[in-house]
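Asker: Have a look at this fold, sequence not included:
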């Protein structure tokens, strides 16, 4: 009988990671992990390396030193498309939508990898159930969407990939309080309904703190705090920022 996966095993392990932009070191000896099935929140001030860290894990930015392991496999030098095919998906802060394509076409592009393609119809049904507004606008060009709708589309497109680990960069940036609540409720449902692990990067504390099981704080390119979510509150995190 095949051995069942241990849900206490890490799906992602980052070890001693260093990253540079030219001569400027942005990430310094970063170590952290995401357990299989967990939601992890990575907080930190603006400009301290959060997005660079996600881009490096996703294969978009090069690693200078250290390693990235996904499901036990070293993917430090793996190309982006291989990581996506394995189930590691990055949703960037800047959305990167195909503006000349419709909402539906953008979502279908998210299911381009072989693993997700055969589940296209199911994926669309799930995304539209989470974001009914996208269903209403599925024939519209992506360039006609509001900022909140575009954020929903970026997250929905990432969901279409059937990710095992979904890395979401600043999901609430630029959104109204109501849309922030909508987006984080969708992230909660993604986790409960798909069993995907989630790594969410944020500056704001409230919603991710309610969602996450483990908290990390990144400051000046280093992990300066690691806690279980129940062991820390908003005030302690904000104090650690400064």
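Answerer: Cool, got the structure. Predicted, not measured: the structure shown is a model, and the values here were computed from it.

Asker: The residue lying closest to residue 233 once chain neighbours are set aside: neighbour count?
Answerer: Spatial nearest neighbour of residue 233, chain neighbours left out: residue 209 (7.7 Å); criterion: Cβ to Cβ, 6 or more residues apart in numbering. For every residue, glycine as well, the C-beta is placed using N, CA and C. The tally of other residues near residue 209 (other Cβ atoms under 10 Å) stands at 17.

Asker: How much space separates residue 209 from residue 236?
Answerer: Distance from residue 209 to residue 236, counting by Cβ to Cβ, to the nearest Å: 10 Å.

Asker: Residue 115 too?
Answerer: 40 Å.

Asker: now residue 173
Answerer: Residue 173 sits 23 Å away from residue 236, going by Cβ to Cβ.

Asker: Same question for residue 142.
Answerer: To residue 236, residue 142 is 40 Å away according to Cβ to Cβ.

Asker: For these two, indicate the residue with more neighbours.
Answerer: residue 142 (23 against 14).

Asker: pLDDT score assigned to that one?
Answerer: Here the pLDDT value assigned to residue 142 is 94.

Asker: what's the burial count for the nearest residue to it once chain neighbours are set aside?
Answerer: Spatial nearest neighbour of residue 142, excluding adjacent residues (Cβ to Cβ, 6+ apart): residue 97 at 4.5 Å. Look at residue 97: counted by other Cβ under 10 Å, it has 19 neighbours.
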